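*Asks:* sequence-free structure coming up:
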């Protein structure tokens, strides 16, 4: 098949949707398919276009068999409503032009966020007379409204209209968890139009490695301490300050060390809070190259998943599968009925605590610190669950099967909105 992947995020961005779409595109190429990707100039999580890609409207390159077509986007570090409109608008227009510069696809897969990308994809669907599959990674605009990212009533209505258009114009929708499916059913999307394909993790890349004979521990002076690790985006939805406050409550236990890894520009506020609370058991580090990720995860005794209490229940952090595959215990400070909590409990690889409660988080950490056999058991169970449910090969098989089914549907049916 000739498959066009339309994704705002792609390699070399290190976290979020980018690694997933990169692995999917390259996996499809290895299966013998032709894949091209239309994407933005890399800018996440710094929200600044990477130096090697600045000053250009378009670029094209080939990496591991995938044709990558990038376009400029108008991006700012802390976009307000106007900046967000310019960002989405620039991607909608310029990516559409890039998408026309290449072979005609048999199928288009596009990811959301961002919702406005549904507009050029719908046009391409008509032009190319091919089916489209929406890969839904987050439910918008609810997530943006709940976290205060969007407050303007007019903007909310516009995004709700875009959401309805997005679901209606797609030939099929792949969602990453059951909670997403239930949400869509509540919005009158037909069940037969929805498939659940969980996000995945490369279980050969992310794997249990030695904890103490570990370069990450040695480099940062962690020795044989009980290491609690958070690595990922530091944004409105995470509530990372809870970690600093929990660390403060555990200052009297010097054997417990907290490590927070994130984008350098996002660490400043945390460093200010750390100093104010004199939480000298917290180490703040910038992201390292992705190749070092397995060793960093292996250095931890416990990996953290963090969300605020007002995060909608169908937000599923992509780090969930990664932490499970690493073979380390998880503490999920997330809404109890949310998708992330359900995934952690189903895996047997971790415990769930009430979000934005430093005392609850500190108590859970201290309990695991005092029960190393429980830590080991959770890690083993999580790793086994990742092997059985989140391997890349399983996800790739499901996508390939779905794409095959979509491209055998008569054209007249496949292009109906």
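*Replies:* Yep, it's here. Note that the structure is predicted; figures quoted are calculated from it, not measured.
*Asks:* And the strands in the stretch 301-417 of the chain?
*Replies:* For the stretch 301-417 of the chain, the strands defined by DSSP state E, counting those that start in this stretch cover 302-306, 329-333, 350-353.
*Asks:* For the second one, name the packing helices and strands.
*Replies:* Contacts defined by 3 or more Cβ pairs under 8 Å, 6 or more residues apart in numbering; DSSP states H and E place strand 329-333 against strand 302-306, helix 319-325, helix 339-347, strand 350-353, helix 358-370, helix 372-389. All C-beta spots, glycine's among them, are computed from the backbone N, C-alpha and C.
*Asks:* With mean pLDDT and mean neighbour count as added columns, please give these in a markdown table.
*Replies:* What follows is those, written out as a markdown table (pLDDT from 0 to 100; neighbours: other Cβ atoms under 10 Å):
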| stretch | mean pLDDT | mean neighbour count |
| --- | --- | --- |
| strand 302-306 | 97 | 26 |
| helix 319-325 | 95 | 28 |
| helix 339-347 | 94 | 22 |
| strand 350-353 | 98 | 22 |
| helix 358-370 | 98 | 18 |
| helix 372-389 | 97 | 17 |
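*Asks:* Of all these, which one is nearest residue 160?
*Replies:* helix 339-347 (21.0 Å; Cβ to Cβ).
*Asks:* ok, and what's touching that closest one?
*Replies:* 177-180, 305, 307, 313-317, 320, 324, 330, 332, 334-335, 350-352, 381-382, 385-386, 389 (Cβ atoms under 8 Å, 6 or more residues apart in numbering).
*Asks:* What is the end-to-end distance of stretch 308-321?
*Replies:* 19 Å (Cα to Cα, to the nearest Å).
*Asks:* again, but for stretch 61-68
*Replies:* 5 Å.
*Asks:* just stretch 127-137 next, same as before
*Replies:* Start-to-end, stretch 127-137 (Cα to Cα) is 26 Å.
*Asks:* OK, contacts around the closest residue to residue 288 other than its chain neighbours?
*Replies:* Once flanking residues are discounted, residue 288 sits nearest to residue 296: 6.6 Å by Cβ to Cβ, 6 or more residues apart in numbering. Contact analysis of residue 296 by Cβ under 8 Å, 6+ apart lists 216, 229, 231, 261, 288.
*Asks:* And the fourth one, which helix or strand is it part of?
*Replies:* Residue 261 is located in strand 256-262, with elements delineated by DSSP states H and E.
*Asks:* now that strand and helix 358-370, what's the angle there?
*Replies:* 120 degrees (axes from the mean of the first three to the mean of the last three Cα atoms, to 10 degrees).
*Asks:* May I have the strands that pair with strand 256-262, each with its orientation?
*Replies:* Applying DSSP bridges to the sheet, strand 256-262 is found paired with strand 226-231 (parallel), strand 282-286 (parallel).
*Asks:* Specify the angle between whichever helix or strand comes after the longest one and helix 358-370 in degrees.
*Replies:* Using DSSP H and E, the next helix or strand after strand 226-231 towards the C-terminus is helix 241-249. Relative orientation of helix 241-249 and helix 358-370, computed by the same axes, to 10 degrees: 60 degrees.
*Asks:* for this protein, which spans come out with low pLDDT?
*Replies:* 81, 143-144, 147-149, 236-237, 312-314, 409-417 (pLDDT under 70).
*Asks:* and if we set it to 80?
*Replies:* 78-84, 113-114, 140-152, 155, 235-238, 265, 310-315, 409-417 (pLDDT under 80).
*Asks:* Where do the domain boundaries of it fall?
*Replies:* 2-200+391-414, 215-389 (automatic domain parsing).
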